[in-house]
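This is a predicted model, with the sequence first.
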Amino acid sequence: MGQGPAKSVRGAKFRVIGAGMTRTDTKSFREALEILLDGPVHDGATEGVSGPWRHRKEWLEAMELAPRARTISEQKRLDWLLADLHEGYVGTTDIPGLRLAPELLRVFPDAIVIATKREPESWWKSQRFIDSYAQTWWLSYFLAPVPRIGVYPVFMKLRRRLLMWRFGIDELTGPGSLKA
């Protein structure tokens, strides 16, 4: 448990898709699920940026493939990637999984989807603070050579592409960004 990548457990049954936006207590939710479901929960952001190299590579491929998976073979490849990434976990939280909830449901049809919420103004204040650091022009250059998190710039670019594909917006601009 905690802020690092969780270790998968052979035979764990995948049961929950955490579809709450980043900064809506996804880390606390992850820890609660690990206790309640007695197993490891996959944190997409942690695994995608600082997890094992195989997970980082597969997340980048899945994020690249999802918006353009039109053929049966592309959809099957995406399904395989999502199944492989979540093998041995009882659930998933945070990005990019939250933006791929329909695809995860296709792979895990018995899973339930839980969306955590937060008061919009409080959420936006927290999100804006993180984005002010995460989206600085120099960060990509600084992190590129750093072992384990060097994929961060590509991960952030693909995260933005998923936002555009799934919600039709290029960036989050305020607490009402995702209101229907």
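Thanks, I have the structure now. A quick note: this is a predicted structure, and the numbers were derived from the prediction, not measured.

Enumerate the helices of this structure by residue range, in sequence order.
26-36, 44-50, 53-65, 72-86, 101-107, 120-134, 139-143, 152-167 (DSSP state H).

Identify whichever of these lies nearest to residue 175.
Nearest of these to residue 175, taken as CB to CB: helix 120-134 at 3.5 Å. C-betas here are computed from N, CA, C, even on glycine.

Give me the buried positions along that closest one.
123, 124, 127, 131 (16 or more other CB atoms under 10 Å).

what does stretch 86-104 give?
86, 88-101, 103-104.

May I have that stretch as PDB, with CA atoms only?
The C-alpha coordinates for stretch 86-104 follow below in PDB (Å, rounded to 0.1, in the frame of the first residue of the first chain):
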ATOM      1  CA  HIS A  86      -4.400  -5.400 -14.600                       C
ATOM      2  CA  GLU A  87      -3.600  -9.100 -14.200                       C
ATOM      3  CA  GLY A  88      -3.200  -9.800 -10.500                       C
ATOM      4  CA  TYR A  89      -4.900  -6.600  -9.300                       C
ATOM      5  CA  VAL A  90      -8.400  -6.300  -7.700                       C
ATOM      6  CA  GLY A  91      -9.000  -2.800  -9.100                       C
ATOM      7  CA  THR A  92      -7.600   0.300 -10.700                       C
ATOM      8  CA  THR A  93      -7.600   4.000 -10.000                       C
ATOM      9  CA  ASP A  94      -6.400   7.300 -11.500                       C
ATOM     10  CA  ILE A  95      -5.400   8.100 -15.000                       C
ATOM     11  CA  PRO A  96      -5.200   6.700 -17.600                       C
ATOM     12  CA  GLY A  97      -7.600   3.900 -16.400                       C
ATOM     13  CA  LEU A  98     -10.300   6.400 -15.500                       C
ATOM     14  CA  ARG A  99     -10.400   7.600 -19.100                       C
ATOM     15  CA  LEU A 100     -10.500   4.100 -20.400                       C
ATOM     16  CA  ALA A 101     -13.400   2.900 -18.200                       C
ATOM     17  CA  PRO A 102     -15.600   1.700 -21.100                       C
ATOM     18  CA  GLU A 103     -12.600  -0.300 -22.500                       C
ATOM     19  CA  LEU A 104     -11.800  -1.800 -19.100                       C
END
